[in-house]
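> What follows is a protein structure lacking sequence information:
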């Protein structure tokens, strides 16, 4: 994968296995590689349980990778000592999925947003308070909200508070772990627009995890598709939508409704047979083989390599030429 | 009636200049009407609204104050004997009467309160401190550490309280310290289990992950995120610990394993009173009343504290 000096983050053959006892291992993330350029948004899509969130959490250091490495701005995230780790947390932040669980119900909004400021000792006293008021205004809330508790807010407002908390320590990179999937559709657009505005103003880099394809297309520069812990396709957002190469991506995209009744009527859906295999004992070879209609004998034996098949268009499939 | 109404309406001409456009200031929508409060100030404000809890708090304060000034209000000490007044019913001289050795029960009751509350306070502080720290670590670290730490509690729990007391008495002798130690050894396990359970549940929450992402260290996460959110169950358990300790002390004294004579505690007073129950019932009445009132007050206060410490219940 091409790495130029604009590259902010590189994941190489990243693996994260969870030991669930009795010698069984869940291969949540099984060897994925990608890079994110400074200032870009990489969308990460896939169905529930495919390991999207695990990728996000491993990247910000919440989980220790089982194998492989994450290089952020020249630092190997897995090998940081305590001091470097603290330094790293200032640069890479995360916005969480559930706006109800991601704010401590016992803390006021001031303390929630101010937590990062306190940990990294950025501001004190009046300056701290001013910074918190500023952040509230940046995310579209007012300073009167500062003394309230999280339960006094709606889902969309809580998500804004979560964004303000991440912004408080001026990070360069934010992992957005399904930040909109718990929100009402009308609020989703507001939050996505806020994220886009913040990106323009502050030059942020996002890893945007979601399962809503139309939203991901809207915000992402490039999109990666995951299936059962592996990355199956990675391309520029436009390319991926116009020319999906991997059979899974094709099926996924065919499920997106089109907001035009005439075209929608003639839309051909690709219905996948069967279920996602268990990540505890994934089949050998290609992870998608059991549900793929183009399946070849080789698919059942050898895992396909993640190769560049078009310009900046990476696919892991034996069938795609 | 209707004619009058019509006339009034006809006489009133509504013209545009009678109305004024006020408009609405969207910025005022979220104007806060009450001053910003810290977490504890807010909890106190809510506790004040709970009349029963405040009454219990006042009763407890009175009991504590009386434990100190009560014995000074009468001219006798707790072990002074008056052989001219044996088994005397309450009167203007001996307010709560005297016992079979001619000792003033009023003085002994409040002196006993001092001992009983001291036992309760010290053993509760020890229990809560050990329990919260132990349970917090066990739950947060998890895995094998958790497994071993919980088995240790079960081993301690498998030996009954009474056996602990007797074993400790053999080694340390009868006395206040032995009782406090016995209550502490057997009491912290329950608290540790509750805290562990809470921590296990809370550490999975996204706000804890968010704190980790922000670079918070373990002590900050335990102190700022986990313990405050586990405060409800901790407070409830604590309010059971205090009367529980008073009761255990009373029970041990009652069966003769407690504080040796002539030192008074509520338990020893009740034990002596029971022997006289049929002849001089007042000798049991006062210590029993004090035990009951104090226990009830602690329970009601604990209930009120739990409610007021939860900001989700704030109105």
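Arrived safely. Everything numeric here is computed off the predicted structure, so don't read it as measured data.

> shaky segments in the stretch 101-250 of chain B?
Counting by pLDDT under 70, the stretch 101-250 of chain B contains no low-confidence range.

> what's in contact with stretch B:215-228?
With contacts defined as Cβ atoms under 8 Å, 6 or more residues apart in numbering or on different chains, stretch B:215-228 is touched by A:85-86, A:89-90, A:104, A:106-107, A:115-116, A:119-120, B:39, B:132, B:136, B:139-140, B:195, B:198-199, B:202-203, B:207-208, B:211-212, B:234. Quick note: C-beta positions are derived from backbone N, CA and C, even for glycine.

> And stretch A:82-90, by the same measure?
A:60-61, A:72, A:75, A:77, A:80, A:116, A:119-120, A:169-171, B:213-215.

> hang on, the earlier thing: in helices, which of the contacts of stretch B:215-228 appear?
Secondary structure from DSSP state H places A:85-86, A:89-90, A:115-116, A:119, B:39, B:132, B:136, B:139-140, B:195, B:198-199, B:202, B:207-208, B:211-212, B:234 of the contacts of stretch B:215-228 in helices.

> List buried residues within the residues you listed.
Buried residues within the ones in helices among the contacts of stretch B:215-228, defined by neighbour count using 16 or more other Cβ atoms under 10 Å in any protein chain shown: A:86, A:89-90, A:115-116, A:119, B:39, B:132, B:136, B:139-140, B:195, B:198-199, B:202, B:207-208, B:211-212, B:234.

> Residue B:70: what's it in contact with?
Residues in contact with residue B:70 (Cβ under 8 Å, 6+ apart) are B:106, B:107, B:109, B:110, B:111, B:113.

> Secondary structure element holding residue B:301?
Counting by DSSP states H and E, the element that carries residue B:301 is helix B:282-308.

> So residue A:132 is in contact with residue A:110, correct?
Yes - look at residue A:132 against residue A:110 with Cβ atoms under 8 Å: they come within range, at 5.4 Å.

> what touches both of these two?
residue A:146.

> Could you look up the SS state of residue 256?
Looking at chain A here, since you left the chain open. At residue A:256 the chain is in coil, as set by DSSP: H, G, I helix; E, B strand; the rest coil.

> right idea, wrong chain: chain B
Secondary structure, three-state DSSP: residue B:256 is coil.

> ok so, going back, pull out the buried residues from the contacts of stretch A:82-90.
Those of these that meet the buried threshold are A:60-61, A:72, A:75, A:77, A:80, A:116, A:119-120, A:169, A:171, B:213-215, by 16+ other Cβ under 10 Å.

> Pick the one among those residues closest to residue B:265.
When the buried ones among the contacts of stretch A:82-90 are compared for distance to residue B:265 (Cβ to Cβ), residue A:119 wins out at 48.3 Å.

> Contact partners for that closest one?
Contacts for residue A:119 (Cβ under 8 Å, 6+ apart) come out as A:86, A:169, B:214, B:215, B:216, B:220.

> Am I right that the second one is in contact with residue A:135?
No - at 10.4 Å, residue A:169 does not count as touching residue A:135 under the criterion of Cβ under 8 Å.

> Which residues belonging to stretch B:255-268 are considered buried?
In terms of neighbour count (16+ other Cβ under 10 Å), stretch B:255-268 has its buried residues at B:257, B:258, B:259, B:263, B:264, B:265, B:266, B:267, B:268.

> And the contacts of that stretch?
Residues from elsewhere that reach stretch B:255-268, judged by Cβ under 8 Å, 6+ apart: B:78-79, B:103, B:108-109, B:111-113, B:115-116, B:119, B:162, B:165-166, B:169, B:174-176, B:179, B:246, B:249-254, B:271, B:287, B:290-291.

> What's the ChimeraX line that selects buried ones from the residues you listed?
The following ChimeraX line selects those of these that are buried, judged by 16+ other Cβ under 10 Å:
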select /B:78,103,108,109,111,112,113,115,116,119,165,169,174,176,179,246,249,250,251,252,253,254,271,287,290,291
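
> would you list every one of the strands in the stretch 51-200 of chain B?
In order along the chain, the stretch 51-200 of chain B carries no strands (DSSP state E, counting those that start in this stretch).

> One more: the stretch 201-321 of chain A?
A:205-210, A:222-227, A:230-236, A:306-310, A:313-316.

> quick revisit: let's see which of the contacts of stretch A:82-90 end up in helices.
Of the contacts of stretch A:82-90, the ones assigned to helices by DSSP H are A:116, A:119, B:213.

> Check the separation of the first and last residues in stretch A:31-49.
16 Å (Cα to Cα, to the nearest Å).

> Now that stretch: buried residues?
Under 16+ other Cβ under 10 Å, the buried positions of stretch A:31-49 are A:31-32, A:34-46.

> Tell me how far it lies from the chain's centre.
Taking Cα atoms, centre = their mean, to the nearest Å, one finds the center of stretch A:31-49 at 6 Å from the center of the full chain.

> Below-threshold pLDDT in the stretch 1-150 of chain A: ranges please.
Along the stretch 1-150 of chain A, segments meeting pLDDT under 70 span A:1-5.

> Find the closest residue to chain B in it.
The nearest approach of the stretch 1-150 of chain A to chain B comes at residue A:147, 3.0 Å away (Cβ to the nearest Cβ).

> Let me know how buried that residue is, in neighbour terms.
Neighbours of residue A:147 under the rule other Cβ atoms under 10 Å in any protein chain shown: 18.

> correct me, but it touches residue A:111?
No - between residue A:147 and residue A:111 there is no contact, the gap being 9.8 Å when judged by Cβ under 8 Å.

> coming back round to it: need the contacts of residue A:119 in a markdown table with distance to residue B:185, can you?
Listed next are the contacts of residue A:119 as a markdown table, based on distance: Cβ to Cβ, whole Å:
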| residue | distance to residue B:185 |
| --- | --- |
| A:86 | 40 |
| A:169 | 45 |
| B:214 | 39 |
| B:215 | 39 |
| B:216 | 34 |
| B:220 | 31 |
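
> In the biggest helix by length in chain A, which residues are buried?
Scanning chain A for the helix with the most residues, using DSSP H, yields helix A:185-202. Neighbour counts over helix A:185-202 (16+ other Cβ under 10 Å) mark A:187, A:188, A:190, A:191, A:192, A:194, A:195, A:198, A:199 as buried.
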